[in-house]
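Engineer: just need the structure, nothing else, for what follows:
(2 chains)
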Amino acid sequence: MVARVDLPKTARSGEVIRVRIAIQHPMETGFRFDISGRAVPKNVINLLICRYNGEEVFRAEMSSGIAANPLLQFYTIARASGDLVFEWVDDAGRRDTERAAIAVA
Amino acid sequence: MLSGLWAMAAGVARAQQPDPLAPLIQQITAGATVTVGRIKVVTPRLADNGHSVPMTLTVESPMTADDFVRSITLLSPRNPRPLMAKFMLGPHSGRAEVFTRVRLNGTQIVVAIAQLSDGSFWSGTAEVEVTESACLDAG
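Structural biologist: Numbering: from 1, shown residues only, chains lettered A, B, ... in the order given. You can find the predicted model right below:
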């Protein structure tokens, strides 16, 4: 799965920063049929967790109500330099992670 | 004439239908009362298609250590799976705002429910007119 994270490279301590992640994923609803008439099984990213230096700062539990190639935007307080690590899993059991570094002055 | 009566009856039946989200909201809040307010759902009034509708959820909250938003749940009264997503926030969020893109199975009033750190529940709605549903196969 390809994912892109967008957050400022640097921030002042205590600043509220905007964090965005876009993940390439079909978010299959399970209601669709393929060209030969077979039902395409439901497969969505059901859980995404963002940890900032190991501490959980955001969690999203998703269903087929979230559009394909999910885009999530949220905020967090820049406390210390380090990594924001995103971890997610889909219904097929595929896990993936993505990380982005931030320098806090 | 007969079809006209039938349509009228259907209209009455629709008007008397209970809120399809009521049991789900009951489950989310464990029976606690939900007050209208403090959460705003911002979305285009008209969505050309339901496959990807941008939606911003904002809760009025100082987001301090003892007064913050715990979670925001996004519900759809017309989707085959009414529970679209649940977002967990905390005092480390700094700002109680989440943006995402949702699928909508037709014109409807989307409901968002926020749970605050004091255990209270607040709700907000947004009406979205969808000209092309996201569920063409499912109907």
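Engineer: any chance you could map the strands in chain A?
Structural biologist: Along chain A, the stretches classed as strands by DSSP state E are A:3-6, A:10-11, A:16-23, A:45-52, A:55-62, A:71-77, A:82-90, A:95-104.
Engineer: B:Ile39 and B:Thr58 touch, don't they?
Structural biologist: Yes. Assessed by CB atoms under 8 Å, B:Ile39 is found in contact with B:Thr58 at 7.1 Å. For glycine as for every other residue, the C-beta is placed from the backbone atoms N, C-alpha and C.
Engineer: between those two, which has more neighbouring residues?
Structural biologist: Legend: neighbour count by other CB atoms under 10 Å in any protein chain shown for B:Ile39 and B:Thr58, higher for B:Ile39 (24 against 20).
Engineer: find the nearest non-adjacent residue to the more buried one, please.
Structural biologist: Excluding the flanking residues, the one nearest B:Ile39 by CB to CB, 6 or more residues apart in numbering or on different chains is B:Gly124, at 3.8 Å.
Engineer: give me the beta-bridge partners of the one you found?
Structural biologist: On the basis of DSSP bridges, B:Gly124 is bridged to B:Ala112.
Engineer: okay, now the residue of chain A at minimum distance from chain B: neighbour count?
Structural biologist: Nearest residue of chain A to chain B: A:Gly65, at 2.8 Å (CB to the nearest CB). The local packing of A:Gly65 (other CB under 10 Å) involves 25 other residues.
Engineer: now do the contacts for the residue in chain B that chain A sits nearest to.
Structural biologist: Minimum separation of chain B from chain A (CB to the nearest CB) falls at B:Met84, amounting to 2.8 Å. B:Met84 makes contacts with A:Met62, A:Ser63, A:Gly65, A:Ile66, B:Leu74, B:Leu75, B:Ser76, B:Val102, B:Arg103, as judged by CB atoms under 8 Å, 6 or more residues apart in numbering or on different chains.
Engineer: so which of those residues is the closest to A:Arg20?
Structural biologist: Among the contacts of B:Met84, A:Ile66 lies closest to A:Arg20 (CB to CB), at 14.6 Å.
Engineer: not counting its neighbours along the chain, what's nearest residue 20?
Structural biologist: Reading this off chain A. Counting by CB to CB, 6+ apart, the residue nearest A:Arg20 is A:Asp6, at 4.2 Å.
Engineer: that was the other one, I meant chain B.
Structural biologist: Leaving aside its chain neighbours, B:Pro20 sits nearest to B:Pro77 (4.8 Å; criterion: CB to CB, 6+ apart).
Engineer: and the one you found, that one's in a strand?
Structural biologist: No. Under DSSP: H, G, I helix; E, B strand; the rest coil, B:Pro77 sits outside any strand and is assigned coil.
Engineer: please list the residues of chain A that sit near chain B.
Structural biologist: With CB under 8 Å from any CB of the partner chain as the criterion, chain A comes near chain B at residues A:16-17, A:27, A:29, A:31-33, A:52, A:55-68, A:70-77, A:79.
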